[in-house]
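Novice: quick check, what structure comes out for this input:
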Amino acid sequence: MDNHIQSILYEFLTGNNYYNKENISNIDFSTPTVLIQDYEEPDVVEDSFSSSPLLNWTQTFIWNHQNPKVCPSSKSKYIVSRGHPWGLGSQMHVIGTHLACAIEKNLILVWGSSTCTRYVNSSCSSGCACLFEPLSHCSMASENMIDNYITGGPHDSPCRFLVPSRIKRKLRELKPRMTDYQMTYWWRGQSIAYLMRFNSDLRHHIQALRQDKSLFYKTPGKNTYSSNNAFFTFPRGTINAHIRRGDKYKEMRLIDDEVYIEAFVKMISEMPLHFSSHTIFLSSDDEEAIQSSKNKLESMGYSVIYSKIPRWKNGNYIEMMDTDEYIRKHRQDFAKYHLLELQMSMEADGWIGTRASNWNRMIDELRCIWVSKCQMPFVEVGDIHGDDYGW
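Specialist: Residues are numbered from 1 along each chain as shown. As a prediction, the model looks like this:
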């Protein structure tokens, strides 16, 4: 997306009054203008310094691949992603590898009905398409018309480390010093940015949630929000800390709340002008982590923002979904709440997390694509070092 479209998207997501409702209602965010092209391989356009490298070119390339001017009439030219059944961040990254496979094999990828099953209602028969835009406009791009399919989890995906060769070659020309691991990490961001284009229902639902005053907490008596008329915009220099809990203990060492707090204080100390608002936006899947961190930070004189979305002690959403009828019945609503938090994290100007968590990786990746904030600091507090960006 070019800077203008990114700017409009950011204003839309944050509710900033710069664009009025009439302007916003006329913008189709599902297919940004820059992606609607009539050629197969786009020209390289200089991207913003604060965006992911080769952003315009890559998103245009993916769009053109998935939406050719003449759609193939043979079902053999399409392939269905069956996803995998775990966390949404993990699932998006896995399906991103499926997209790499499809591009490399010159096939058009299609959402399968088994994608996002933990995050859509039982009445939804279209998988991730109940949350996100279709992956292709071709009429043949329907699961019941296609025999080919691709599956695989984080460690057995057939294209786990693949960056489509044509895309990788172009990136190598532009950034010759990037390592293969760095290119893989870059591709994960580019792929999920295409996959996670919110459909109109999700987009409008999240926008409404973002404007619901009762859904957000801010430290009483603090000038936590910016001074314009929009009550919910973060002050400049807000830091987001996403504290991952839940079932992630099976895959990584959980990081103590105190480590996030220490990192927050250190960021302010080392960049006092940039983070002068002394404000943190806490996000997590664990209500206990939110409350204990809030109490500690406020006792130290800092300002805290968090959303009052449904959470559970220790954040065991996936495990509870298998036993809790209420959670199963309302899982699409819960998904929308957490996607709201993902959007809100884009409003920050610094981040604290661990890339051992797929959700934290999505924050790190999408801050360079959904908004132009690649130049802002992301502080790693986990066990990820060097070129190791998780699976």
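Novice: so what are the domain limits for the chain?
Specialist: For the chain, the structural domains run 37-195, 202-380, going by automatic domain parsing.
Novice: now the ones you listed in JSON lines, with mean pLDDT?
Specialist: Output for the domains of the chain, formatted as JSON lines (pLDDT from 0 to 100):
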{"stretch": "domain 37-195", "mean pLDDT": "87"}
{"stretch": "domain 202-380", "mean pLDDT": "86"}
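Novice: got those domains as a markdown table, with mean neighbour count columns?
Specialist: Every C-beta, even on glycine, is put in place using the N, C-alpha and C of the backbone. As requested, the domains of the chain are exported to a markdown table (neighbours: other Cβ atoms under 10 Å):
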| stretch | mean neighbour count |
| --- | --- |
| domain 37-195 | 18 |
| domain 202-380 | 19 |
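Novice: now do the strands in the stretch 151-300 of the chain.
Specialist: 216-218, 239-243, 279-284 (DSSP state E, counting those that start in this stretch).
Novice: then the stretch 1-150 of the chain?
Specialist: 78-81, 108-111, 149-150.
Novice: for Leu340, find the nearest of those strands.
Specialist: strand 108-111 (21.7 Å; Cβ to Cβ).
Novice: contacts for that closest one next, please.
Specialist: Residues from elsewhere that reach strand 108-111, judged by Cβ atoms under 8 Å, 6 or more residues apart in numbering: 65-66, 68, 72, 77-81, 95, 98-99, 102, 126-129, 132, 134-136, 138, 141-143, 146.
Novice: looking at these, which are in helices?
Specialist: With DSSP state H as the criterion, helices contain His65, Gln66, Ile95, His98, Leu99, Ala102 from among the contacts of strand 108-111.
Novice: wait, what's in contact with the residue nearest to the second one when sequence neighbours are not counted?
Specialist: In space, Gln66 comes closest to Ser136 once its chain neighbours are excluded; the distance is 4.6 Å by Cβ to Cβ, 6 or more residues apart in numbering. Neighbour list for Ser136: Gln66, Asn67, Cys71, Tyr78, Ile108, Leu109, Val110 [criterion: Cβ under 8 Å, 6+ apart].
Novice: if we go to 6 Å?
Specialist: Gln66, Asn67, Ile108 (Cβ atoms under 6 Å, 6 or more residues apart in numbering).
Novice: ok, the second one touching Cys138?
Specialist: In this case it means Asn67. No: Asn67 sits out of contact with Cys138 when judged by Cβ atoms under 6 Å, with a separation of 7.2 Å.
Novice: any idea how far Glu133 is from Tyr217?
Specialist: When distance is defined by Cβ to Cβ, to the nearest Å, Tyr217 is 32 Å away from Glu133.
Novice: cool, Cys71 as well?
Specialist: 16 Å.
Novice: same question, Asp147
Specialist: With Cβ to Cβ as the criterion, Asp147 and Glu133 are 24 Å apart.
Novice: which residues does Ser284 bridge with?
Specialist: Ile243 (DSSP bridges).
Novice: pretty sure it sits against Ile243.
Specialist: Yes: applying Cβ under 6 Å, one finds Ser284 in contact with Ile243, separated by 4.1 Å.
Novice: let me see the contact set for Arg311.
Specialist: Contacts of Arg311 by Cβ under 6 Å, 6+ apart are Glu287.
Novice: could you shift the numbering so residue one becomes 10, and keep it that way?
Specialist: Got it, the first residue is 10 from now on, which makes the last one we talked about Arg320.
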